[in-house]
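[1] sequence and predicted model, in that order:
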Amino acid sequence: MPVFAAGLVLAAFTLLALQVPYGLLVGRSLPNAVAWITVAAVVILLVMLTAGAVVAWLGHRISREWDDRKATTLFFVLGFVGAGIWSFMVLGSLLSAATGNPGTATSGVALASVLYLAVAGGLSGAVGRYFARDAADRPLLVVVLGVAVALCAVLGGMALGSA
């Protein structure tokens, strides 16, 4: 299995796993958390296959000659910045539209959510980079994790389709 693909799958699964505490905190109930996680899986899958792949490629190009520690730190920073910017724009827009108040996008709750999602993006990038080589030697594990993300995304797509 290609190391690049294994790293993307690990990053996607890590990001999805980090949505569990966020979903429980924000949703305040298990059914709401499950709904959040499945819908988040749709976004995670789409982002990983597009911007995530580009950021991973960029990180690889920059850090080709670096040791693992420095390269993993770079991937954390790239994931943190990318997820932070994306989360700020998307969450800010959604919150502003939902409340009708443009100031909601910079409220404490919104900024705390953006920070959490940025850290989750950074951690997923770091996990994807650090464990990609080992995971590439375990293709069954990578396939199982990828299928788990894809199944959650299908459930989320079905939930969005019926809403």
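    Sure, I can see it.
[2] switch to C-alpha atoms for all contacts and neighbour counts from now on
    Fine.
[3] off-centre distance for stretch 32-40?
    13 Å (Cα atoms, centre = their mean, to the nearest Å).
[4] contact partners of it?
    For stretch 32-40, the surrounding residues in contact (Cα atoms under 8 Å, 6 or more residues apart in numbering) are 16, 19-20, 22-24, 26-27, 152-157, 159-160.
[5] with just CA atoms, put it into CSV.
    The C-alpha coordinates for stretch 32-40 follow below in CSV (Å, rounded to 0.1, in the frame of the first residue of the first chain):
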residue,chain,number,x,y,z
ASN,A,32,-27.0,14.3,18.4
ALA,A,33,-23.3,13.3,18.8
VAL,A,34,-23.8,10.4,16.4
ALA,A,35,-25.6,12.7,13.9
TRP,A,36,-22.6,15.2,14.2
ILE,A,37,-20.0,12.4,13.7
THR,A,38,-21.7,11.0,10.6
VAL,A,39,-22.2,14.4,9.0
ALA,A,40,-18.6,15.3,9.9
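[6] which helix or strand in this structure has the lowest average pLDDT?
    Ranked by mean pLDDT, DSSP states H and E, the weakest helix or strand in the chain is helix 19-27, scoring a mean of 85.
[7] please compute how far that helix lies from its chain's middle.
    Distance, centroid of helix 19-27 to centroid of chain: 14 Å (Cα atoms, centre = their mean).
[8] which residues of this protein score low on pLDDT?
    Low-confidence segments of the chain (pLDDT under 70): 98, 104-106, 163.
[9] need the longest helix for it.
    The residue-count maximum for a helix in the chain (DSSP state H) belongs to helix 68-99.
[10] tell me the buried residues in it?
    71-88, 91-92, 95-96 (16 or more other Cα atoms under 10 Å).
[11] between the contacts of stretch 32-40, which sits nearest W66?
    For the contacts of stretch 32-40, the residue nearest W66 by Cα to Cα is L16; the value is 28.0 Å.
[12] for that closest one, which residues are in contact?
    Contacts of L16 (Cα under 8 Å, 6+ apart): 37, 40-41, 44, 149.
[13] quick one: what helix or strand has it in it?
    helix 3-17 (DSSP states H and E).
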